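[1] Give me a 3D structure for the following:
(one chain, ligands or ions: 1)
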Amino acid sequence: MMQREAPIQSTTAASSSDPILEIRDLRTYFFLERGTVKAVDGVNLTLGRQSTLGIVGESGCGKSVTASSVMRLVKYPPGKIVGGEILLHRSQAAAHGQPREVVDIVKLDHQGAQIRAIRGGEIAMIFQEPMTSLNPLKTIGNQIAETVTLHQKVGKQAALQRAEEMLHKVHISAPRQRLSEYPHQLSGGMRQRIMIAMALSCNPSILIADEPTTALDVTVQAQILDLMRTLQDEFHSSIMLITHNLGVVSQMADHIAVMYLGKVVEYGPVRAMFHEPLHPYTVGLLKSVPVLGRKTAQLIPIKGMVPSPTETIRGCAFAARCPHAMQICGEQRPELRAARPSHEVACWLH
Ligand code: SF4
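    Numbers count the residues shown, from 1 in each chain. Down below sits the predicted model:
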């Protein structure tokens, strides 16, 4: 049954932090035979305009499900957004001197016209493995042109011209010739550039990059990150960067959110997160990453395993692995609180 399209709220959102996306108490659950997986369980995050938010954590911590929830790509059954808000502060209206519109993406019909206009038009996504996102049966030119014609009132010829321009922007050589090539004819790095070109072809306000460089070798990784930074400046876009790679977030992000078992356990500016991490899980993540030139420091893995997501945990979800666990940790769940200005942590130590 079709849901009714949600009404659009109007606000003069002009806070000093100037958010473009606010996620409030988001809960996305998967209802499986073996139990309910609370993949995202009360996540609060803010993405500032023209800034980059890095979301890090081990596999299964809920970072990719958070991104899929924003895009309304979680399929029911078994997955469902069961609560919370995802507020998109639209920039187009404000550009014309009008109050900024705020749309709650959670309330939209997931197949309706509004979310289809937002998906790809205002919020675009780059996936980890471009071969699974690019259509192997269509030429590069047609795939980018289709995205353009879907969101902009232009003909096929103009869309192909835009596709060529975008290939040029992502430094693909001989862009006109590439328009008629197929994904399998290109290298992994080139395919990722094509994904970036396609994602930015409609000038979205938000780019969600889910492990955008994981499948690439290190030299190509560096080129792709450099390209994303350059294009972010040119397109004035905000980036939500999802990765397990702390090196990538340190180069790209302004703020970092660390997720553990469906929750944000620490959030703060990139410098503070690397130099003065507060949560024992963040400290553990940093100690388990090799640093070039640091010969003496030992790599210390985080002991134990992430608990099963179907398990009900009374206190802190990290308690079984935490070297500082106290009695209260097993009894009461710590909430995310400001421990320092702009630096929040969910831990009884703070
Ligand atoms: Fe460790 Fe307790 Fe903090 Fe959890 S709340 S991270 S168990 S000290």
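[2] Would you mind listing what in the chain touches the ligand?
    279-280, 316, 318-319, 322, 324-326, 329, 334, 347-349 (Cβ under 6 Å from any ligand atom). The C-beta positions use only the backbone N, C-alpha and C, and glycine is treated the same way.
[3] if you set the cut-off to 8 Å instead, what comes out?
    Applying Cβ under 8 Å from any ligand atom, we find that the chain lies next to the ligand at 265, 279-281, 315-319, 322-326, 328-330, 334, 346-350.
[4] what's around the residue nearest to Val74 when sequence neighbours are not counted, how many residues?
    In this structure, Val74 finds its nearest non-sequential neighbour in Ser68, 5.1 Å apart by Cβ to Cβ, 6 or more residues apart in numbering. By other Cβ atoms under 10 Å, 19 other residues sit near Ser68.
[5] Confirm for me that Ser68 is in contact with Lys80.
    No - with contact defined as Cβ atoms under 8 Å, Ser68 does not reach Lys80; the gap is 11.7 Å.
[6] wait, what's in contact with Leu207?
    Applying Cβ atoms under 8 Å, 6 or more residues apart in numbering, we find Leu207 in contact with Ile123, Ala124, Met125, Ile126, Ala199, Leu200, Met228, Gln232, Ser237, Ser238, Ile239, Met240.
[7] quick one: low-confidence ranges for this structure?
    Where the chain drops to pLDDT under 70, the residues are 1-17, 91-99, 290-297.
[8] can you map out the strands along it?
    Along the chain, the segments classed as strands by DSSP state E run 9-10, 19-32, 35-48, 52-56, 79-89, 101-104, 123-126, 206-210, 238-243, 255-260, 263-269, 337-340, 343-345.
[9] Tell me how many other residues crowd Met71.
    20.
[10] Thr149 too?
    Residues near Thr149, counting by other Cβ under 10 Å, number 16.
[11] quick one: contacts for the closest residue to it other than its chain neighbours?
    The shortest distance from Thr149 to any non-neighbouring residue, by Cβ to Cβ, 6+ apart, is to Ala159 (4.8 Å). When contacts are counted by Cβ under 8 Å, 6+ apart, Ala159 touches Ile144, Ala145, Glu146, Val148, Thr149, Gln152.
[12] mind redoing it with 6 Å?
    Each residue near Ala159 by Cβ atoms under 6 Å, 6 or more residues apart in numbering is listed here: Ala145, Val148, Thr149.
[13] Among these, which one lies nearest to Ile172?
    Ala145 (15.1 Å; Cβ to Cβ).
[14] how close does the nearest residue to the closest one once chain neighbours are set aside sit to Ile123?
    Leaving aside its chain neighbours, Ala145 sits nearest to Ala159 (3.7 Å; criterion: Cβ to Cβ, 6+ apart). For Ala159, the distance to Ile123 (Cβ to Cβ, to the nearest Å) stands at 20 Å.
[15] for His343, same thing?
    Noted for His343: a distance of 27 Å to Ile123, by Cβ to Cβ.
[16] out of these two, which sits in the busier spot?
    Counted by other Cβ under 10 Å, His343 and Ile123 do not tie: Ile123 has more neighbours, with 26 against 18.
[17] ok, what's across the strand from that one?
    Ile123 has these beta-bridge partners by DSSP bridges: Arg119, Ile206.
[18] Would you confirm that it contacts Ile206?
    Yes - under the criterion of Cβ atoms under 6 Å, Ile123 makes contact with Ile206 at 4.4 Å.
[19] Neighbours of the residue nearest to Pro19 when sequence neighbours are not counted, how many?
    Closest residue in space to Pro19, ignoring its immediate chain neighbours: Thr46 at 4.8 Å, by Cβ to Cβ, 6+ apart. Other residues near Thr46 come to 19 when the count uses other Cβ under 10 Å.
[20] likewise Met195?
    Met195, neighbours per other Cβ under 10 Å, totals 27.
[21] closest to the ligand among the contacts of Ala159?
    Val148 (47.1 Å; Cβ to the nearest ligand atom).
[22] Let me see the contact set for that closest one.
    Val148 makes contact with Ala159, Arg162, Ser201 under the criterion Cβ under 6 Å, 6+ apart.
[23] Ok, Ser133 next?
    Shown in contact with Ser133 (Cβ under 6 Å, 6+ apart): Phe127.
[24] pretty sure Gly141 is touching Arg162, no?
    No - under the criterion of Cβ under 6 Å, Gly141 is not in contact with Arg162, lying 10.2 Å apart.
[25] quick one: Ala222 and Tyr182, what's the gap?
    Relative to Tyr182, and taking Cβ to Cβ, Ala222 is found at 27 Å.
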